[in-house]
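Chemist: mind folding the following:
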Amino acid sequence: MEAAGTKSVYLFMHHPPFEIGIPSLDIICLREDAQRIQQIVSGFSNIKHLFFGHVHRPVSGSWHGIPFNTLRGTNHQIQFDLNVDDYLPINHEPPAYCVIFLEPQQTTVHFHDYLDDSLYKKISLKIV
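Modeler: Here you go, the predicted structure:
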């Protein structure tokens, strides 16, 4: 990150470096390393966004002032259950991927459920 100088930095990680509030997933986050990772990133004001996976849930927020996103998996998903902590509640919500546009003044994240078979309909943009 030091080598980036004043350029924008976008961090990509597999595991989240903090708990996300879902007990069955918080067990397997980088809990022991969270403080160390936070100390590392706290010295850099050019970190614009944090992306991570592993949780198979669409979750967004900010961590120590750094916005973050994660998304559903491309296979199975983890049920949105705030109480289970002794097993992984897997379900079959639609798989997804993201397309990320990184611009100097804007980060845009598009989520795409690629197996969504709902009816596609064209709606005119012409104002009548």
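Chemist: can we go C-alpha only for contacts and neighbour counts from here?
Modeler: OK.
Chemist: touching stretch 82-101 from outside, list them.
Modeler: 21-25, 27, 71-79, 81, 107-116 (CA atoms under 8 Å, 6 or more residues apart in numbering).
Chemist: list the buried residues in it.
Modeler: Judged by neighbour count (16 or more other CA atoms under 10 Å), stretch 82-101 contains these buried residues: Glu93, Pro94, Pro95, Ala96.
Chemist: what about that stretch, distance to the chain center?
Modeler: Mean C-alpha position of stretch 82-101 versus that of the full chain (CA atoms, centre = their mean, to the nearest Å) differs by 11 Å.
Chemist: strands - which of the contacts of stretch 82-101 land there?
Modeler: Those of these mapping onto strands are Gln77, Ile78, Thr107, Thr108, Val109, His110, Phe111, His112, per DSSP state E.
Chemist: just send the residues you listed back as CSV, with neighbour count and pLDDT too.
Modeler: Shown next, in CSV, are the ones in strands among the contacts of stretch 82-101 (neighbours: other CA atoms under 10 Å; pLDDT from 0 to 100):
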residue, neighbour count, pLDDT
Gln77, 23, 92
Ile78, 21, 91
Thr107, 13, 96
Thr108, 11, 97
Val109, 13, 97
His110, 9, 96
Phe111, 15, 93
His112, 15, 92
